[in-house]
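Colleague: Just the structure for this:
(one chain, ligands or ions: 1)
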Amino acid sequence: MKENELKTMRSSFKIMEERRIDLIHDPRIIKLQERVKNIRKKSVKKIPAMVETARKSFKINGMEFLYAEDSHQALDLIYNLIKNEKMVAKSKSNTLNELGLSDYLNEKNIQLVETDLGDRIIQLKPDDNKPSHPIGPALHLKVDKIAEIISESLDVKVKADPRVIMELVKGNVLEELKSCKIGITGANSVAAEDGSLIMVHNEGNISLLSLMDTHIVVVGVDKLVDTIEDAISVVKLETAYATGTALSSYINVISGPSKTADIEKKLLEGMYGARKVVVILLDNGRQEALEECLWCIGCGSCIVSCPVYNVVGNEFGYRGYLGGRGVAMSRFLQDEKTSFNSGLYMCTLCGLCTLECPVGTPTSEIMEKIRKESKNTGFSPKEHYKIHKSIERKGSPF
Ligand code: SF4
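Modeller: Next up, the predicted model:
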């Protein structure tokens, strides 16, 4: 990230911190926080059982259920569903970023329309189109820079005014959506027993995608909880910490395709919403990960407080998983080399991210465990080897 982008990101982070300070100290949110901690800790211990429960529940609810062991399988499954399309639409999703869906579809000559405003801006940006925050992907860009990006990419002259930009991008996306029959989204939480997908958004774009002929939902097994009540608790806490508001404008609960039985009780699918809902549950190393890595609810609080992220930005992290927790996850989603290259040794182990995390993810402890292992696999800094050798030979690091 460039210095001016880092500066804008830091000032956006400051606004976010100020906006949420009262809310996260509200006794109701503190009570919710305790409830969600228990839900997350309990859920990650029984992922295999919950996968089987979800498989049955989704089937009962009339949804197609697919399981992907890794990212290649997930991309193959998605491709199979969309191979006859020229264009598909997508919402903001770390899981889809993890798969590298955008590059993959590019290779396959299928156009992808990002529907989230921040994601669309990043998609149209010609260089470095990595997000800077999981909820606000473009918050490192100033309004005049965004106006420049939009003007160049859409070949219009747009004023550096947030509302003007919003209206223009909205018009452009809505026009593109006319050519799309398939919407692809993630989900913020999944209720295994009820067979329901819970999605949180403010823009209304996920509602639009869920109204397309086919709605594909790709979600990690770490998002599984038992019930809708648990899932709603998780997304309420995520919203409070991510945006500083008690609730987002929309919480979509999807428990099946659109249907009607209004004529002679004959069941017909595809009334106004999706005729077909396909859930792809993704493992991709999650069940091998340290349990505490999976407590995360995706609010992004950790990066706002992280001293390293505030200095280097999105170089510290892996794809959409930013900051220390992203580095830690990359060890399991990819390998030791990826976590080393994502900033394993950039972390100061200060523990600020844990203090700010609503579920207390112990990122610095996870980092220490991965570093210890990395010493044996050859992925630690050369200087460490020199010091290690020196201690072995001379009993001193010098
Ligand atoms: S422990 Fe590491 S990842 Fe967490 S806030 Fe400190 S520097 Fe950032």
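Colleague: Enumerate the residues of this structure near the ligand.
Modeller: By CB under 6 Å from any ligand atom, the residues of the chain that approach the ligand are 305-308, 323-324, 347-353, 363-364. From N, CA and C alone the C-beta is placed, and that goes for glycine too.
Colleague: cutoff 8 Å now
Modeller: Applying CB under 8 Å from any ligand atom, we find that the chain lies next to the ligand at 302-303, 305-309, 316, 323-325, 327, 346-354, 356, 363-364, 367.
Colleague: Domains in the chain, by residue range?
Modeller: As given by automatic domain parsing, the domain ranges for the chain are 3-287, 300-394.
Colleague: Return the member of those domains having the minimum mean pLDDT.
Modeller: Of all the domains of the chain, the minimum mean pLDDT falls on domain 300-394 (a mean of 91).
Colleague: how far does that one stretch from start to finish?
Modeller: Length of domain 300-394, first residue to last, CA to CA, to the nearest Å: 45 Å.
Colleague: Can you say which helix or strand has whichever residue of the chain sits closest to the ligand in it?
Modeller: Closest contact between the chain and the ligand, by CB to the nearest ligand atom, is at G324 (2.3 Å). In this structure, G324 is located in helix 323-333 according to DSSP states H and E.
Colleague: tell me which residues of the helix or strand hosting I21 are tucked away?
Modeller: For I21, the element it lies in under DSSP H and E is helix 3-24. Within helix 3-24, the residues that count as buried by 16 or more other CB atoms under 10 Å are 5-6, 8-9, 12-13, 16, 20, 23-24.
Colleague: Convert the C-alpha atoms of the helix or strand just after it to CSV, please.
Modeller: Per DSSP H and E, the first helix or strand lying C-terminal to helix 3-24 is helix 27-44. Provided in CSV are the C-alpha atoms of helix 27-44 (Å, rounded to 0.1, in the frame of the first residue of the first chain):
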residue,chain,number,x,y,z
PRO,A,27,-24.0,-4.2,29.1
ARG,A,28,-26.2,-5.9,26.4
ILE,A,29,-23.3,-6.2,24.0
ILE,A,30,-21.0,-7.5,26.8
LYS,A,31,-23.7,-10.2,27.6
LEU,A,32,-24.0,-11.0,23.9
GLN,A,33,-20.2,-11.3,23.7
GLU,A,34,-20.1,-13.9,26.5
ARG,A,35,-22.9,-15.9,24.7
VAL,A,36,-21.1,-15.8,21.4
LYS,A,37,-17.7,-16.8,22.9
ASN,A,38,-19.4,-20.0,24.2
ILE,A,39,-21.2,-20.6,20.9
ARG,A,40,-17.9,-20.3,19.0
LYS,A,41,-15.9,-22.4,21.4
LYS,A,42,-18.5,-25.2,21.5
SER,A,43,-19.1,-25.1,17.7
VAL,A,44,-15.5,-25.5,16.5
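Colleague: buried set for helix 27-44?
Modeller: For helix 27-44, by 16+ other CB under 10 Å, it's 29, 32-33, 36-37, 39-40, 43-44.
Colleague: got it, and stretch 242-251?
Modeller: Using 16+ other CB under 10 Å as the test for burial, stretch 242-251 gives 242-244, 248, 251.
Colleague: about what we covered before: just give me how far the helix or strand following the helix holding G324 sits from the chain centre.
Modeller: Scanning forward in sequence from helix 323-333 by DSSP H and E, the next helix or strand is helix 336-342. Relative to the centre of its chain, helix 336-342 is centred 19 Å away, using CA atoms, centre = their mean, to the nearest Å.
Colleague: Contacts for helix 336-342 next, please.
Modeller: 316-318, 326-328, 330-331, 370, 373-374, 377, 379-380 (CB atoms under 8 Å, 6 or more residues apart in numbering).
Colleague: Which one of these is nearest to D70?
Modeller: For D70, the nearest member of those is S330. The distance, counting by CB to CB, is 14.1 Å.
Colleague: which one is that closest one nearest to, not counting chain neighbours?
Modeller: The shortest distance from S330 to any non-neighbouring residue, by CB to CB, 6 or more residues apart in numbering, is to Y318 (3.5 Å).
Colleague: count of neighbours near the one you found?
Modeller: By other CB atoms under 10 Å, the residues close to Y318 number 24.
Colleague: Likewise for T354?
Modeller: T354 has 20 neighbours, counted by other CB under 10 Å.
Colleague: Report whether the expected contact of it with M367 is present.
Modeller: No: counting by CB atoms under 8 Å, T354 stays clear of M367, with 10.6 Å between them.
Colleague: For C293, find the nearest of the domains of the chain.
Modeller: C293 lies closest, by CB to CB, to one member of these: domain 300-394, at 5.5 Å.
Colleague: So what's the gap between the closest one and the chain middle?
Modeller: Distance of domain 300-394 from the chain centroid (CA atoms, centre = their mean) equals 19 Å.
Colleague: got it, and stretch 129-137?
Modeller: That offset, for stretch 129-137, works out to 10 Å (CA atoms, centre = their mean).
Colleague: just stretch 37-53 next, same as before
Modeller: 19 Å.
Colleague: coming back round to it: the residue of the chain closest to the ligand and C302 touch, don't they?
Modeller: Yes: with contact defined as CB under 8 Å, G324 counts as touching C302 (6.5 Å).
Colleague: what touches both of these two?
Modeller: Contact criterion CB under 8 Å, 6+ apart; residues shared by G324 and C302: 353, 363.
Colleague: Comparing these two, which residue is more hemmed in?
Modeller: More crowded of G324 and C302, by other CB under 10 Å: G324, with 32 against 25.
Colleague: which stretches of the chain form strands?
Modeller: 64-68, 87-90, 111-114, 182-185, 189-191, 196-201, 214-220, 224-225, 250-254, 259-260, 268-269, 276-282, 317-318, 321-322 (DSSP state E).
Colleague: helices or strands up against the last one?
Modeller: Counting contacts by 3 or more CB pairs under 8 Å, 6 or more residues apart in numbering; DSSP states H and E, strand 321-322 is packed against helix 323-333.
Colleague: quick one: the helix it packs on to strand 214-220, angle?
Modeller: 100 degrees (axes from the mean of the first three to the mean of the last three CA atoms, to 10 degrees).
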